[in-house]
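Engineer: What would the 3D arrangement of this be:
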Amino acid sequence: MSNINLAESFITAKEIQRDFASIADRVQDGEQLVVTRKGHPALVMVNVQDYEAMQEALDVAAHVWLADEAQARADRGEALTGEQFITWLQAKTGAVVDFEKEDPADYLEMDDNDAEANR
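Structural biologist: Below you'll find the model as predicted:
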């Protein structure tokens, strides 16, 4: 994933209308563009690989934040039961987690060997 160099990456919406195919090729090749409308940044164009990498980075950051928050609660003596933790996790993320029906390792993106190694 490359960083956006704002000094060189602005493009107007009108330019995109005139030459979409060429601009799409540039973005697919890794260029990231800030699209302006009426002189103001309106959106960013990135290729799918960079977008997925950004989403993954956000997901990792969210997991780190949740783990840190859970540890801070434990450090304050606010330990939770497993059921309370799941309720808390669902409230923070909106995720529906039912460990009675599903394997917790699926949520950790581990295979059985990884899960066994961490026990």
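
Engineer: Could you list the buried residues of stretch 48-65?
Structural biologist: By 16 or more other CB atoms under 10 Å, the buried positions in stretch 48-65 come out as residue 50. For every residue, glycine as well, the C-beta is placed using N, CA and C.

Engineer: Restrict it to CA atoms and write it as PDB.
Structural biologist: Provided in PDB are the C-alpha atoms of stretch 48-65 (Å, rounded to 0.1, in the frame of the first residue of the first chain):
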ATOM      1  CA  VAL A  48      -8.800  -2.800  -4.700                       C
ATOM      2  CA  GLN A  49      -5.600  -4.200  -3.300                       C
ATOM      3  CA  ASP A  50      -4.800  -0.900  -1.400                       C
ATOM      4  CA  TYR A  51      -8.500  -0.700  -0.300                       C
ATOM      5  CA  GLU A  52      -8.400  -4.200   1.100                       C
ATOM      6  CA  ALA A  53      -5.100  -3.500   2.800                       C
ATOM      7  CA  MET A  54      -6.600  -0.400   4.400                       C
ATOM      8  CA  GLN A  55      -9.600  -2.300   5.600                       C
ATOM      9  CA  GLU A  56      -7.300  -5.000   7.100                       C
ATOM     10  CA  ALA A  57      -5.300  -2.400   8.900                       C
ATOM     11  CA  LEU A  58      -8.400  -0.900  10.300                       C
ATOM     12  CA  ASP A  59      -9.600  -4.300  11.400                       C
ATOM     13  CA  VAL A  60      -6.300  -5.100  13.100                       C
ATOM     14  CA  ALA A  61      -6.400  -1.700  14.900                       C
ATOM     15  CA  ALA A  62      -9.900  -2.300  16.100                       C
ATOM     16  CA  HIS A  63      -8.900  -5.700  17.500                       C
ATOM     17  CA  VAL A  64      -5.900  -4.200  19.200                       C
ATOM     18  CA  TRP A  65      -8.100  -1.500  20.700                       C
END
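
Engineer: Show me how the record splits this protein into domains.
Structural biologist: Domains of the chain are assigned by automatic domain parsing as 10-46, 80-119.

Engineer: Return the distance of the first one from the chain's centre.
Structural biologist: Per CA atoms, centre = their mean, to the nearest Å, the displacement of domain 10-46 from the mean C-alpha position of its chain is 22 Å.

Engineer: I appreciate the help and will end here.
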